[in-house]
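*Asks:* The sequence and its predicted three-dimensional model are supplied below.
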Amino acid sequence: MAASGSAPWQPREEGLKEICELLELQISPSSSADKSQIWQQLQHYSQFPDFNNYLVFILARAQGKSVEIRQAAGLLLKNNLRTAYKLMTPAHQQYIKSELLPCLGVADKHIRSTVGTIITVVVQLGGILGWPELLRALVNCLDSNDLNHMEGAMDALSKICEDIPQVLDSDVPGLGERPINIFLPRLFQFFQSPHASLRKLSLGSVNQYIMLMPSALYTSMDKYLQGLFVLANDPASEVRKLVCAAFVQLIEVHPSFLEPHLKNVIEYMLQVNKDTDDEVALEACEFWSAYCDAQLPPENLREYLPRLIPILLSNMVYADDDESLLDAEEDESIPDRDQDLKPRFHTSRFHGSDDAEDDDDDSFNIWNLRKCSAASLDVLSNVFGDEILPTLMPIIQAKLSASGDEAWKDREAAVLALGAIGEGCINGLYPHLSEIVAFLIPLLDDKFSLIRSISCWTLSRFSKYIVEDSGHQKGYEQFDTALMGLLRRILDANKRVQEAACSAFATLEEEAAEELVPRLEIILQHLMCAFGKYQRRNLRIVYDAIGTLADAVRGELNQPVYLEILMPPLIAKWQQVSNSDKDLFPLLECFTSIAQALGTGFSQFAQPVFQRCINIIQTQQLAKVDPVSAGVQYAKEFIVCSLDLLSGLTEGLGSGIESLVSQSNLRDLLLQCCIDDAFDVRQSAFALVGDLARVCPVLLRPNLSQFLDVAAKQLNTPKLAETISVANNACWAIGELAIKFRQEISPIVMTVISCLVPILQHAEGVNRSLVENSAITLGRLAWVCPELVSPHMEHFMQSWCISLSMIRDDIEKEDAFRGLCAMVRASPSGALSSLVFMCKAIASWHEIRSEELHNEVCQVLHGYKQMLRNGAWDQCMSALEPPVKDKLSKYQV
């Protein structure tokens, strides 16, 4: 392909012709040619060192060819450069650059845009330094006064600002100032251009620097803000949208800049929140949440609420083109398409407090003005509480009483608004709760499916209070009506309503817990009926509702009458779903909850469930190294879900799991999972190690030192912050192994202690659960090996006692204090300097249930009282707050 000699590169005619023909076939929608074959042919050409020169030549100079072919050459070039640019000879790199620059000002907009994209990739890979001509060319084009040149340069510049803004804000050798200082004044100038395209590109480019805030922008902030005010009422909606975006970003990251202009900005935002262009209104609507999240003084916003709230409410009405209206009437008999099934993520088991909250399921749906307005109302209600009710309630009541079919969207928006304020305004709404519920119940049977679905959601927003109120006859009737209403909707024929009802019911279950028991049979009948008729997407929500029910009622579920309704359909599904089908995840999760709830009652189902988990882990570990012989593609979620189900079984069956584990190779598989490179696999593996240590430690003994070794390694990692949940579970597992194997763990004790002490010493920067588990595990190690730990206690005693005093009363805290007592017995002087902190830790107990431990703590305190003569003990006591002293009095000191 290559031309010979050292003359400037020239393409060969036949090479050019062949490549153009291939590109034409590739982009032609009608051609019968095999696209994969064309792709392979183009890949084959990529082997030639000057293939990319041909592509840039076609893009820049093939005047006789169609724009589509030239663009296709450009896009192929862009993709090739990502992998090949750094491997190319300097001469070829230079040729490509020299061909791109003259194209910045060509007449065709599409060619200019493609060139801008390629220039950004070259800068990404080679930096600004490697292309000094680029800055000059961009400046010349921007200053040229020719629209094509200005637009071409602005297009390239805006892409650089979007993808790699930092390169323009860095020092370039040989250049007197940073590139951003050269471009910024020109960008500001374009704010006043008569051409909307230049106003849009220049403003979009400057906005990219709000987060980075280079000194060039910082010092010209007044100029930027003046420019924003000038563009605020721009005729082009894309420009108005960018103005709103700028104000939202500024209020989030640099609110002080807007403070002098706040009244004007809020006035402007109110105005554009009603913009005829929904995208502009959406961008403006983001401002209210951003303002509240920035924790700026609420009073600046207070006077505008009577104008803002009606705007939010009118924007909460479904737009005519809302995608939800299109699929709202989808009947349950229509199977789900694959694209309807959003990817689902399983959250690994986690031992401790601070468990992450579930994200809202709405993340899959498109964010729009309606949702943003409802979210803003929710945030405002949390900031201003009942203050907003006098403005809001008359509008809600007016919308709710609008009659006639054509007003259904107004009624629906009013129900949405009621749900949005259900948390923030609960004090003002609580006295009217029975009226609200009585009003919502009939809406569950409304003829419009979207009113039925939103009524389910709004009812769920009040479920906590409905349950709280169920202690008396009238309150219980209200609870029961809400419960039965949601169950009816679970069997709705409309998919959207099924989804909303099932999610709402799961929320009610979490709040109601044992209150559900009297209705358990009828709940199970409804859920299993839904299980039989739902399509795949909603089926996942039923699994969740069944799992939540099991978590809520626990052992109450263990009655033959309930198991006969619940288990046969689940077992049939279990047998039907293959080991490589992702629909298995929610089923495994559901079984985990059931196994934990039924306890030993799950024994009759345990063997096949246990065996399948083992098979899945084994197959997946093979698939990781050899997918062909495993017969499946590797997906770690299968391992994580199976480990978690095994943990659920272990928790449910207790020592009854021993016979299953002893006949399997679980120990080897588990050790393998503890060293897996995926952190969520390790997280679930250590949770299972800890669970097994509690009920059948003997089965772990053959590999005890290996389990302890890999667990200790999780605590000693430079990237602890990124794998905090793994460290947390590993730490907890070490503690569980320690109290079972006692002296046998002595070889690892000091290694673990040396990892735990820094965590306790820097507790304020660490996840709370890891601090608690570290404090407990340290105590457990001290309990079983006091002679090893006590010589070092003065290094950690103070921070350890501070952490112990934060832990709520439970068995694990008891173990930690047994360690404290054992250490003090071994070396009383080691804790002297931290005695005040130790007293505070002891005072943190509400009550020590174990009489034996209570007596040990008494002995420790009395020991110090006798040891500290001549007023030293009284001096220590005087350093304690009165409530702490009161608490210590029960230990007779």
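*Replies:* It's in. Numbering: from 1, shown residues only.
*Asks:* all helices of the stretch 701-850 of the chain, in order?
*Replies:* 704-715, 724-741, 746-761, 768-784, 786-789, 793-804, 811-826, 835-843 (DSSP state H, counting those that start in this stretch).
*Asks:* Output the ones you listed in JSON lines, with distance to residue 197 and mean pLDDT appended to each entry.
*Replies:* C-beta coordinates here come from the backbone N, C-alpha and C atoms, glycine included. Listed next are the helices of the stretch 701-850 of the chain as JSON lines, based on distance: least, C-beta to C-beta, whole Å; pLDDT from 0 to 100:
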{"stretch": "helix 704-715", "distance to residue 197": "54", "mean pLDDT": "95"}
{"stretch": "helix 724-741", "distance to residue 197": "47", "mean pLDDT": "96"}
{"stretch": "helix 746-761", "distance to residue 197": "55", "mean pLDDT": "94"}
{"stretch": "helix 768-784", "distance to residue 197": "52", "mean pLDDT": "96"}
{"stretch": "helix 786-789", "distance to residue 197": "71", "mean pLDDT": "96"}
{"stretch": "helix 793-804", "distance to residue 197": "60", "mean pLDDT": "95"}
{"stretch": "helix 811-826", "distance to residue 197": "64", "mean pLDDT": "96"}
{"stretch": "helix 835-843", "distance to residue 197": "67", "mean pLDDT": "96"}
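*Asks:* I'd like those helices laid out as TSV, including distance to residue 639 and mean neighbour count.
*Replies:* Converted to TSV, the helices of the stretch 701-850 of the chain look like this (distance: least, C-beta to C-beta, whole Å; neighbours: other C-beta atoms under 10 Å):
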stretch	distance to residue 639	mean neighbour count
helix 704-715	16	20
helix 724-741	14	27
helix 746-761	26	19
helix 768-784	23	26
helix 786-789	35	19
helix 793-804	33	21
helix 811-826	28	22
helix 835-843	40	21
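*Asks:* for these, which one sits closest to residue 322?
*Replies:* Closest approach to residue 322 among the helices of the stretch 701-850 of the chain (C-beta to C-beta): helix 724-741, 38.2 Å.
*Asks:* by how many degrees do that closest one and helix 704-715 diverge?
*Replies:* 150 degrees (axes from the mean of the first three to the mean of the last three C-alpha atoms, to 10 degrees).
*Asks:* name the helices or strands packed onto helix 724-741?
*Replies:* helix 679-695, helix 704-715, helix 746-761, helix 768-784, helix 811-826 (3 or more C-beta pairs under 8 Å, 6 or more residues apart in numbering; DSSP states H and E).
*Asks:* where does the chain dip in pLDDT?
*Replies:* Low-confidence segments of the chain, defined by pLDDT under 70: 1-6, 31-33, 337-346, 352-365.
*Asks:* could you pull out the helices for the stretch 1-150 of the chain?
*Replies:* 13-27, 35-45, 51-61, 67-84, 90-100, 109-126, 132-142, 147-163.
*Asks:* could the helices and strands packed on helix 724-741 go into CSV alongside distance to residue 271?
*Replies:* Below are the helices and strands packed on helix 724-741 laid out as CSV (distance: least, C-beta to C-beta, whole Å):
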stretch, distance to residue 271
helix 679-695, 47
helix 704-715, 55
helix 746-761, 52
helix 768-784, 44
helix 811-826, 58
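*Asks:* Please name whichever of those helices is nearest to residue 399.
*Replies:* With C-beta to C-beta as the criterion, residue 399 lies closest to helix 768-784 of these, at 43.4 Å.
*Asks:* Alpha carbons only: can I get that closest one in CSV?
*Replies:* Provided in CSV are the C-alpha atoms of helix 768-784 (Å, rounded to 0.1, in the frame of the first residue of the first chain):
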residue,chain,number,x,y,z
ARG,A,768,-18.9,3.0,61.5
SER,A,769,-19.6,-0.7,61.1
LEU,A,770,-15.9,-1.5,60.5
VAL,A,771,-15.0,0.5,63.6
GLU,A,772,-17.5,-1.5,65.7
ASN,A,773,-16.4,-4.8,64.3
SER,A,774,-12.8,-3.9,64.8
ALA,A,775,-13.5,-3.0,68.5
ILE,A,776,-15.4,-6.3,69.0
THR,A,777,-12.8,-8.5,67.3
LEU,A,778,-9.9,-6.8,69.2
GLY,A,779,-11.8,-7.6,72.4
ARG,A,780,-12.4,-11.2,71.4
LEU,A,781,-8.7,-11.7,70.6
ALA,A,782,-7.9,-10.2,74.0
TRP,A,783,-10.3,-12.6,75.7
VAL,A,784,-8.8,-15.7,74.1
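*Asks:* quick one: which of the helices of the stretch 1-150 of the chain is nearest residue 572?
*Replies:* Of all the helices of the stretch 1-150 of the chain, helix 35-45 sits nearest to residue 572, with 41.2 Å by C-beta to C-beta.
*Asks:* Off-centre distance for that closest one?
*Replies:* 39 Å (C-alpha atoms, centre = their mean, to the nearest Å).
*Asks:* And stretch 395-407, by the same measure?
*Replies:* Relative to the mean C-alpha coordinate of its chain, stretch 395-407 is positioned 37 Å out (C-alpha atoms, centre = their mean).
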